[in-house]
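[1] Whatever this is, show me its structure:
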Amino acid sequence: MKKGIIILAAATLGLAACKQEKKGAGGLLYTIHHSAGNEKIKEGDIVKMNFIQKNDKDSVLSSTFDSETPAVFPAQKKMYAGDMNDVLTLFGEGDSATFKVNLDTMAFHSKQPKPEQFKNDKYITFTVKIEKVFKKKAGEADSTFNKRAQEFFQADYKATSEKKKAAEPAKLKAYLDDTKLATKTTASGLHYIIENAGSAEKPALGDTVLIEYTGRVTKKGKDGKYKIFDTSDEKLAKAENEFKAGKPYGPQKMPVGGTIPGFTEALQLIGKGGKIKVIIPSNLGYGEQGAPQVGIMPFSPIAFDLEIKDIIKGKPGAAAPVQMPAPVVKK
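    Prediction:
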């Protein structure tokens with residue numbers, strides 16, 4: 001019994017020591033949350049890593065966990081003790097950790113001022129999970145290693161994409177169930193509810209519409225809400241903390257056929273004065289790439305509320321605009 005207690009106590013102390021914040025060179029601070037015990041990263045390894053980046057106010061600046069797009073990069077030679085490349089050598093495949101890079105040390109060694117967004121911060125903080133460390137075999141030629149790494153990560157990307165694609169129907173169903181929307185579905189797979197049909201005349205390819213719109217992701221955030229990724233409604237943008245200075249608000253002109261396919265199809269279901277709610281699957285939206293810069297993940301449906309204020313007919317014989325897989329309104 002006593003032996004068991006001693007072993008348990010030793011294990012507990014080891015776990016606590018692993019999770020204590022430690023000091024490194026150059027003002028580096030780091031905490032290893034989990035160590036898988038694998039060989040550490042060294043220069044030349046190819047690393048696949050998920051991370052959350054924060055400032056001193058604990059504001060999230062970027063997250064590959066949210067964007068579902070882990071970073072893949074070669075481990076580089078350190079520029080100075082305590083830099084980003086140096087800290088990676090503390091971790092191996094399967095490890096998770098939090099580290100803080102000292103921005104004053106970075107500015108001193110780079111001979112550059114702190115980035116504007118960090119001018120009042122002492123640290124840039126990363127919480128990371130090392131997903132994969134692809135290592136060179138002993139005596140392996142660089143060309144062989146690079147070819148092997150390329151093939152591995154291409155296969156890894158394909159497998160991950162297939163999983164995301166297969167998961168999309170469940171995402172769409174979960175959103176419809178949660179919002180209790182009783183939608184109709186077009187032959188293409190567009191889900192919609194016409195709230196006001198508007199005029200009998202509907203826009204056609206080549207026309208221009210004046211519209212109000214709000215686009216949301218269909219995955220709830222930590223606040224339990226569906227985040228706006230774009231809107232023409234200034235009041236709503238401010239209310240949901242999505243206001244962007246310099247962005248034009250109010251009714252916007254858009255060419256019918258010049259946006260993602262699902263948006264184009266939705267516009268043609270209503271007339272002037274019409275309102276429609278649509279859920280656009282990824283094959284009619286942003287597909288396998290998504291638009292992570294505005295929060296749209298790969299193979300993810302998106303939702304829009306649309307209202308057509310006016311229809312400006314196109315010139316007879318004019319070519320229809322090419323559909324573009326880009327955000328509906330440029331940021």
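
[2] helix/strand/coil for K136?
    The three-state label given to K136 by DSSP: H, G, I helix; E, B strand; the rest coil is coil.

[3] gap between it and D86?
    According to Cβ to Cβ, to the nearest Å, K136 and D86 sit 20 Å apart. Quick note: C-beta positions are derived from backbone N, CA and C, even for glycine.

[4] Same question for K163.
    34 Å.

[5] Same drill for the two, tell me which one is more crowded.
    D86 (19 against 10; other Cβ atoms under 10 Å).

[6] Doesn't the more buried one belong to a helix?
    Yes - D86: assigned to a helix according to three-state DSSP.

[7] Would you confirm that it contacts K40?
    No - with contact defined as Cβ atoms under 8 Å, D86 does not count as touching K40 (11.7 Å).

[8] how does this protein divide into domains?
    With the TED database as the criterion, the domains of the chain are listed as 22-135, 168-312.

[9] Only C-alpha atoms, please: export stretch 203-210 in CSV.
    Output of stretch 203-210 as CSV, limited to C-alpha atoms (Å, rounded to 0.1, in the frame of the first residue of the first chain):
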residue,chain,number,x,y,z
PRO,A,203,-33.3,39.4,-61.2
ALA,A,204,-31.5,37.5,-64.0
LEU,A,205,-27.8,36.9,-64.8
GLY,A,206,-26.3,40.1,-66.0
ASP,A,207,-28.6,42.3,-63.8
THR,A,208,-27.4,44.3,-60.8
VAL,A,209,-29.2,44.2,-57.5
LEU,A,210,-29.2,46.6,-54.6
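
[10] Please enumerate residues in contact with stretch 165-180?
    Applying Cβ atoms under 8 Å, 6 or more residues apart in numbering, the set of residues contacting stretch 165-180 from outside is 183, 191, 218-220, 226, 279, 281-282, 288, 299-301, 303.

[11] Off-centre distance for that stretch?
    Its chain's C-alpha centre lies 18 Å from the corresponding centre of stretch 165-180 when counted by Cα atoms, centre = their mean, to the nearest Å.

[12] cool, stretch 202-222 as well?
    The mean C-alpha position of stretch 202-222 is separated from the chain mean by 20 Å, Cα atoms, centre = their mean.

[13] got it, and stretch 136-149?
    Its chain's average C-alpha position is 31 Å from that of stretch 136-149, according to Cα atoms, centre = their mean.

[14] Would you mind listing the buried residues in it?
    K136, F145, A149 (16 or more other Cβ atoms under 10 Å).

[15] got a list of what the residue lying closest to G189 once chain neighbours are set aside touches?
    Using Cβ to Cβ, 6 or more residues apart in numbering and skipping the chain neighbours, the partner closest in space to G189 is P281 (5.1 Å). Taking Cβ under 8 Å, 6+ apart as the contact definition, P281 lies against E168, L172, G189, L190, H191, G262, P301.

[16] Okay, and which of those residues map to strands?
    Residues of the contacts of P281 located in strands (DSSP state E): H191.

[17] what is the mean pLDDT for the host helix or strand of K163?
    Under the criterion of DSSP states H and E, K163 resides in helix 142-179. Along helix 142-179, the predicted confidence averages to a pLDDT of 96.

[18] which residues in this structure form helices?
    Along the chain, the segments classed as helices by DSSP state H run 2-18, 64-67, 84-88, 103-110, 142-179, 234-239, 261-267.

[19] Show me the contact partners of the third one.
    Contacting residues not belonging to helix 84-88 are listed as 24-26, 28, 30, 41, 43, 47, 75-80, 99, 101 [Cβ under 8 Å, 6+ apart].

[20] And for the shortest one?
    Contacts to helix 64-67, defined as Cβ under 8 Å, 6+ apart, come from residues M49, N50, F51, I52, P70, A71, G290, P292, G295, M297.
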